[in-house]
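Asks: turn this into a model:
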Amino acid sequence: MKIVRISAFGLTLPLRRPYELQGGRLRFEELDSTLVRLDTDEGVSGWGEGCPWGSTYLPAFPRGVRAGIEELAPALLGQDPRRTDVVNSVMDKALPGHPYVKSAIDIACWDVLGKSTGLPVCDLLGGRRPGDVTIQSSIPSTDPTEMLRTIESYHARGYTIHSAKVGSDVAADIERIEYLAEHIPVGSSLTIDANRAWMPDQAIRVMRATEAVDAYFEQPCATYDGSLQVRRATRQPILLDEIIHTYADLLRAHRDRACEGIGLKPNRVGGLTKARLFRDFCVQTGMRLNIEDTGGTALADTAAVHLAQATPARYQRGTWFCHEMITVDPIIGGARNLGGVTRAPDIPGLGAEPDPEALGDPVLVVGG
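Replies: Numbers count the residues shown, from 1 in each chain. Okay, here's the model as predicted:
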């Protein structure tokens, strides 16, 4: 089997409401996603998606995905998409770095592999584990009462894990955290996510002031050294997210005991092939995982759910559904909210494909 054509489609994904991070410093109203189709000489096609959270969240930007795919595509024509490690080696040689560019291609390769073997992708990532995958909400940074109303609306749909965004200033964040902890629905679990907004001294002050709150604290500082300083000065469990890009980053965090878990986003680390390595290391060393993606439609969400479904439940904290936050749904099938939990589709491949009528014409086609 060989790749004969690579096509890329651009989609604008309006958010249902403006979304603020870092205490309002970052604001987003829509996302720009790239969907990729790989066509093979045996008539099997695979789909993947790359969707940075705008251009200000991480060192990635939407038009860079499409430019990078155009750069990579000639080297991929003629490759067997089922040989995912080989495909990744080819991409890394043709374009060092830029994992967010490669993720959509890699995920499309796994979709082809699943369809060609008759297996869901989760079975190829270690095997479907029993039970459901828990979905967590994502609560934008506003005043505490508005954040609580948003949590309650998610709770009414079955959500039990809530990721509250903070990062404005010490006093306001302490107020948010204490208010939410006091009023959160019974049976719910809370994550306090600063998205790198705090300086080390701010993070230490907030976490020490709210030490009695039962919560995970996610990505307190912008740098690894700053986050490590916070880890050594506080007691609550910490999750690292935006600063874990490479396998070496993960090894360093484990060696330094910098965190108790990570946010694992396939789009950030280069796709499912590399995300699987992160997952396996965390399982072997006892680190918690939020397995979810950076953004996008139900296609990107479904790819992450397949990896989560193949991960032992005790290591998972939750996944997140970006597609529930956008106003359009161009995907047929896929993993969906089943009352606060979800499952990977049980059909070959990802079990999610774009509606052709929603895509329009490709912005890029390489190959015959």
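Asks: what's the burial count for Asp39?
Replies: 20 (other CB atoms under 10 Å). Glycine gets a C-beta too; all of them are placed from N, C-alpha and C.
Asks: point to the residue nearest the middle of the protein.
Replies: Asp293 (1.6 Å; CA atoms, centre = their mean).
Asks: how close does that one get to Asp193?
Replies: Separation of Asp293 from Asp193 (CB to CB, to the nearest Å) stands at 16 Å.
Asks: one more: Thr56?
Replies: Separation of Thr56 from Asp193 (CB to CB): 16 Å.
Asks: give me the nearest residue to Ile177, chain neighbours excluded.
Replies: In this structure, Ile177 finds its nearest non-sequential neighbour in Thr210, 4.7 Å apart by CB to CB, 6 or more residues apart in numbering.
Asks: try Thr150
Replies: Nearest residue to Thr150, sequence neighbours excluded (CB to CB, 6+ apart): Ile139, at 5.1 Å.
Asks: who's in contact with the closest residue to Ile161 other than its chain neighbours?
Replies: Nearest residue to Ile161, sequence neighbours excluded (CB to CB, 6+ apart): Gln136, at 3.8 Å. Remark: with contacts taken as CB atoms under 8 Å, 6 or more residues apart in numbering, Gln136 is in contact with Tyr159, Ile161, His162, Ser163, Thr191, Asn290, Glu292, Arg317, Gly318, Thr319, Trp320.
Asks: return the distance of Thr117 relative to Asp346.
Replies: 14 Å.
Asks: can I get the CA coordinates of stretch 68-85 in PDB?
Replies: Extracted C-alpha coordinates of stretch 68-85, given in PDB (Å, rounded to 0.1, in the frame of the first residue of the first chain):
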ATOM      1  CA  GLY A  68       4.100  22.400   6.700                       C
ATOM      2  CA  ILE A  69       2.000  19.800   5.000                       C
ATOM      3  CA  GLU A  70       2.800  21.200   1.600                       C
ATOM      4  CA  GLU A  71       6.500  21.000   2.600                       C
ATOM      5  CA  LEU A  72       6.200  17.400   3.800                       C
ATOM      6  CA  ALA A  73       3.900  15.900   1.200                       C
ATOM      7  CA  PRO A  74       6.400  15.200  -1.600                       C
ATOM      8  CA  ALA A  75       8.500  13.100   0.800                       C
ATOM      9  CA  LEU A  76       5.400  11.100   1.800                       C
ATOM     10  CA  LEU A  77       4.100  10.100  -1.600                       C
ATOM     11  CA  GLY A  78       4.900   6.400  -2.200                       C
ATOM     12  CA  GLN A  79       5.300   5.600   1.600                       C
ATOM     13  CA  ASP A  80       3.200   2.900   3.200                       C
ATOM     14  CA  PRO A  81       0.900   4.700   5.700                       C
ATOM     15  CA  ARG A  82       0.500   1.600   7.800                       C
ATOM     16  CA  ARG A  83       4.200   1.800   8.800                       C
ATOM     17  CA  THR A  84       3.600   4.600  11.200                       C
ATOM     18  CA  ASP A  85       7.100   4.700  12.700                       C
END
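Asks: give me the phi and psi angles of Arg317.
Replies: phi -100, psi -50 (degrees, to the nearest 10).
Asks: max-length strand in this protein?
Replies: The residue-count maximum for a strand in the chain (DSSP state E) belongs to strand 3-21.
Asks: which is the next helix or strand following it?
Replies: Next along the chain after strand 3-21, taking DSSP states H and E as the criterion, comes strand 26-40.
Asks: bridge partners for Gly349, pull those for me.
Replies: Beta-bridge partners of Gly349, counted by DSSP bridges, are Pro120.
Asks: that one contacts Gly114, doesn't it?
Replies: Yes - using CB atoms under 8 Å, Gly349 makes contact with Gly114 at a distance of 3.7 Å.
Asks: residue contacts, the closest residue to Thr160 other than its chain neighbours?
Replies: Using CB to CB, 6+ apart and skipping residues adjacent in sequence, the residue nearest Thr160 is Ser188, 5.4 Å away. If you count contacts by CB under 8 Å, 6+ apart, Ser188 has them with Ile151, His155, Tyr159, Thr160, Ile161, His162.
Asks: who wins on neighbours among the residues you listed?
Replies: Counting neighbours by other CB under 10 Å, His162 leads those with 26 neighbours.
Asks: in contact with that residue, which residues?
Replies: Neighbouring residues of His162 by CB under 8 Å, 6+ apart: Gln136, Ser137, Ile139, Ile151, Tyr154, His155, Leu180, Ile184, Ser188, Ser189, Leu190, Thr191.
Asks: find the nearest non-adjacent residue to the second one, please.
Replies: Nearest non-adjacent residue to Ser137, counting by CB to CB, 6+ apart: Tyr154, 4.0 Å away.
Asks: residues near that neighbour, how many?
Replies: So Tyr154, with other CB under 10 Å, has 22 neighbours.
Asks: mind checking the SS state of it?
Replies: helix (DSSP: H, G, I helix; E, B strand; the rest coil).
Asks: mind checking how far the residue nearest to Thr150 is from Thr34?
Replies: Computed as CB to CB, the Ile139 to Thr34 distance reads 27 Å.
Asks: any idea how far Thr145 is from the residue lying closest to Ser189 once chain neighbours are set aside?
Replies: Counting by CB to CB, 6+ apart, Ser189 lies nearest to Ile161, which is 4.8 Å off, once chain neighbours are set aside. Here Ile161 is placed at a distance of 21 Å from Thr145 (CB to CB).
Asks: brilliant, that's me finished.
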